[in-house]
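A.B. asks: I would like to see how this sequence folds:
(chains A and B)
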Amino acid sequence: GQSLEQPSEVTAVEGAIVQINCTYQTSGFYGLSWYQQHDGGAPTFLSYNALDGLEETGRFSSFLSRSDSYGYLLLQELQMKDSASYFCAVMEGRRALTFGSGTRLQVQP
Amino acid sequence: DTEVTQTPKHLVMGMTNKKSLKCEQHMGHRAMYWYKQKAKKPPELMFVYSYEKLSINESVPSRFSPECPNSSLLNLHLHALQPEDSALYLCASSQRDRGRNTEAFFGQGTRLTVV
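C.D. replies: Presented below is the predicted three-dimensional model:
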């Protein structure tokens, strides 16, 4: 089976940097993705790592270490609109996305 | 067009009703998914269609019946649901290859209430 662990909640202030960690156990692994979901909205794709290292997309970066079964999402220059739930997800052997439990990010003024 | 369109947005149904959820995408994606999401929980995989064939059924009760009429459409037929089936039902699609792009595009979901 698959399991992904993330912190349940993170709080930070506007302009700060926050890191959301994800550790996973899965049978078969193609890559680690990150999704953002605002209350009442649909998950939207943020980033994907298939190989070790850092991927940067604007204010968001994502890191993967396949040997450690670990990744993180880094959000810089936090804005109020970044308050949302963030999910890591693995594309595993069956070629389907399995989501972590989610991290609720609260950005405060 | 990078949209996945789901209808209806909201649905209230009785336990004896039969209803269908619909999903459509025109991105040429050959993998389509149904997820169920309860409040403050992650999306849970229900079904995966790959090239219009059912490839994964996550032991979903038979009162949920998926259908993929063609590469752009995905339906979820509902019959004799229980109140605990009330949730947000999300449809998603993605490319079906071994390339780097495994981004899944999600529809806005159907918020289902079973009474």
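A.B. asks: Run through the residues of chain B sitting next to chain A.
C.D. replies: Neighbours of chain A within chain B, by CB under 8 Å from any CB of the partner chain: B:31, B:33, B:40-45, B:48, B:50, B:55-56, B:90, B:92, B:94, B:96, B:98, B:100-109. For every residue, glycine as well, the C-beta is placed using N, CA and C.
A.B. asks: For ChimeraX, what selects the buried ones among those residues?
C.D. replies: Selection of buried members from the residues of chain B next to chain A for ChimeraX, criterion 16 or more other CB atoms under 10 Å in any protein chain shown:
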select /B:31,33,42,43,44,45,48,50,56,90,92,94,96,102,103,104,105,106,107,108,109
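A.B. asks: After the helix or strand where B:Leu88 lies, which helix or strand is next?
C.D. replies: B:Leu88 is part of strand B:87-94, with elements assigned from DSSP states H and E. Sequence-wise, the next helix or strand beyond strand B:87-94 is strand B:105-106, with elements assigned using DSSP H and E.
A.B. asks: what sits against the closest residue to A:Leu105 other than its chain neighbours?
C.D. replies: Spatial nearest neighbour of A:Leu105, excluding adjacent residues (CB to CB, 6 or more residues apart in numbering or on different chains): A:Val10 at 5.1 Å. Residues in contact with A:Val10 (CB atoms under 8 Å, 6 or more residues apart in numbering or on different chains) are A:Val18, A:Ile20, A:Thr103, A:Arg104, A:Leu105, A:Gln106.
A.B. asks: cool, B:Glu103 as well?
C.D. replies: By CB under 8 Å, 6+ apart, the residues touching B:Glu103 are A:Ser33, A:Phe45, A:Tyr48, B:Ser94, B:Gln95.
A.B. asks: quick one: it and A:Phe45, what's the gap?
C.D. replies: From B:Glu103 over to A:Phe45 the distance is 4 Å, taken as CB to CB, to the nearest Å.
A.B. asks: Find residues that contact each of those two.
C.D. replies: The overlap between the contact sets of B:Glu103 and A:Phe45 (CB under 8 Å, 6+ apart) consists of A:Ser33.
A.B. asks: Are any of the contacts of B:Glu103 buried, and if so which?
C.D. replies: Among the contacts of B:Glu103, those classed as buried by 16+ other CB under 10 Å are A:Ser33, A:Phe45, A:Tyr48, B:Ser94, B:Gln95.
A.B. asks: Right, I'll leave it there.
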